[in-house]
Structure formats: structure tokens, C-alpha cells
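**Student:** This is a predicted model, with the sequence first.
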Amino acid sequence: MKQTFTVRYAHAIEPDLFWRRVFFDREYNERLLREVYRYWSWEIVEDTVLPDGRRTRKVRLTAGVNAPAALRKQAGDSVAVVEVGTLELEGPHAPMWITRYLVPRPMVFSLLTRFWLERTGPGQSDWVVEVELESRSAEALEVVRETLLESYPKIAEFTERWLREHRDTLADPSPDVQNRRECQQRSSI
């Protein structure tokens with residue numbers, strides 16, 4: 001069985017600034033994984049920036065299993081997952097972070113996400129995540145789907161809070177603000 005769904009949340013940041021200053025920021029990732037996902041541990045196994053600007057990252061994550069007893073019996077009380085991601089710089093939604101989650105057997109699902117930002121106005125963008133889930137088990141599929149749908153609003157809230165807390169250090173004006181400043185500077189000469 002296969003399911004796909006898309007979620008979208010508004011954020012007060014330019015897409016380019018988000019990719020350059022937030023998404024790969026170590027503090028942002030540590031807090032996100034600890035406070036929202038509640039992972040017990042995480043480790044960046046590989047992080048490579050290619051000459052053309054694309055980036056690949058592999059992260060090992062360990063978390064408790066919050067699932068019905070039948071699934072916990074298969075998976076145990078915790079699960080280690082490997083997240084393999086690639087930042088693609090070409091295509092209609094570029095830049096786009098594509099992530100495949102490698103789950104251990106006997107877990108019976110696969111998960112692929114595509115994540116990008118769409119600029120909606122000066123200093124504003126929509127965070128878009130497209131999810132593909134596949135499993136032979138309807139129960140596993142539903143548990144993973146519900147877990148994801150519960151976590152995405154929490155990720156969005158965390159990200160907005162983090163952006164507010166770091167507003168001063170992220171001060172990188174949008175193209176519209178830069179144009180306004182340049183016009184003001186020219187008119188004052």
C-alpha cells in the first residue's frame with residue numbers, strides 16, 4: 001500500500017536565507033531533534049558539499065517507539081533510523097531537500113520526503129513537504145502517517161519560534177528590502 005500527502009506552513013523568512021542560514025545550522029537541528037522529535041540520540045555520519053553546491057547528509061537517529069503494542073512487539077521500545085538527504089539545486093521546486101529514511105527490519109514501511117520553500121512575499125515563504133509512505137501493513141502505514149501529521153505542525157511552530165529568537169543574527173534582507181534600501185540611499189545623495 002502506498003500513500004502520499006502534502007503539508008504546507010507559512011514562515012517569515014526568504015527561501016534563500018532559510019537554506020543558507022537555518023536548515024543546516026547545527027543548533028537548529030540539535031534543538032529540533034531534541035525538543036520536537038524527542039530523539040534520544042543523533043549523529044551526523046556524513047555531510048558533504050559538492051563543488052556544484054549540492055549537499056548530501058546522512059544522519060543516524062535513535063528514538064522511542066510510540067506505536068500500538070503489536071508494532072512495538074516487532075520494533076522494540078526504540079528504533080535506530082538512518083536519514084539520507086540530498087539538497088537538489090535543479091528542478092521546478094529547487095532548492096529541494098529529498099530525504100529517504102532507512103528503517104531496520106522488521107519495520108515494514110518506507111518513507112520518502114521532498115521539502116522546499118515557495119516565496120510568497122517579501123520575507124515570507126511557504127514550507128512545503130511532500131510525503132510518500134509505503135508499507136505492506138495497513139497498521140504500520142497509519143501509525144507512521146499519523147505520527148508525521150502530528151509532528152509537522154510542531155516542527156512549523158518550533159521553526160517560527162527559532163526564527164524569532166534568531167531574528168537579529170539572521171538579519172539578511174529580502175530582495176525587496178534591499179531594493180528599497182538602495183532606492184533610499186540614492187534619493188538621499
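**Tutor:** Structure received. Just so it is clear, the structure is predicted and the values come from calculations on it, not from any experiment. Numbers count the residues shown, from 1 in each chain.

**Student:** Report pLDDT for the spatially most central residue of the chain.
**Tutor:** Geometric centre of the chain, nearest residue: residue 115, 6.4 Å, by Cα atoms, centre = their mean. What the model reports for residue 115 is a pLDDT of 96.

**Student:** can you check residue 78 too?
**Tutor:** Reading off the model, residue 78 has pLDDT 61.

**Student:** What of the one 10 residues further on?
**Tutor:** What the model reports for residue 88 is a pLDDT of 95.

**Student:** burial of it, as a residue count?
**Tutor:** 15 (other Cβ atoms under 10 Å). All C-beta atoms are positioned from the backbone trio N, CA, C, and that covers glycine.

**Student:** Just give the closest residue to it, not the sequence neighbours.
**Tutor:** Leaving out its chain neighbours, the residue that sits closest to residue 88 by Cβ to Cβ, 6 or more residues apart in numbering is residue 96, at 4.9 Å.

**Student:** Who does that neighbour form a beta bridge with?
**Tutor:** For residue 96, the beta-bridge partners are residue 88, residue 116 (DSSP bridges).

**Student:** need the contact list for it.
**Tutor:** Counting by Cβ atoms under 8 Å, 6 or more residues apart in numbering, residue 96 touches 87-88, 114-116.

**Student:** try residue 1
**Tutor:** The contact partners of residue 1, by Cβ under 8 Å, 6+ apart, come to 134-136, 138, 141.

**Student:** Name only those of those residues that count as buried.
**Tutor:** Neighbour-count burial (16 or more other Cβ atoms under 10 Å) applied to the contacts of residue 1 gives 135, 141.

**Student:** Out of the contacts of residue 1, which sit inside strands?
**Tutor:** Among those, the residues falling in strands (DSSP state E) are 134-135.
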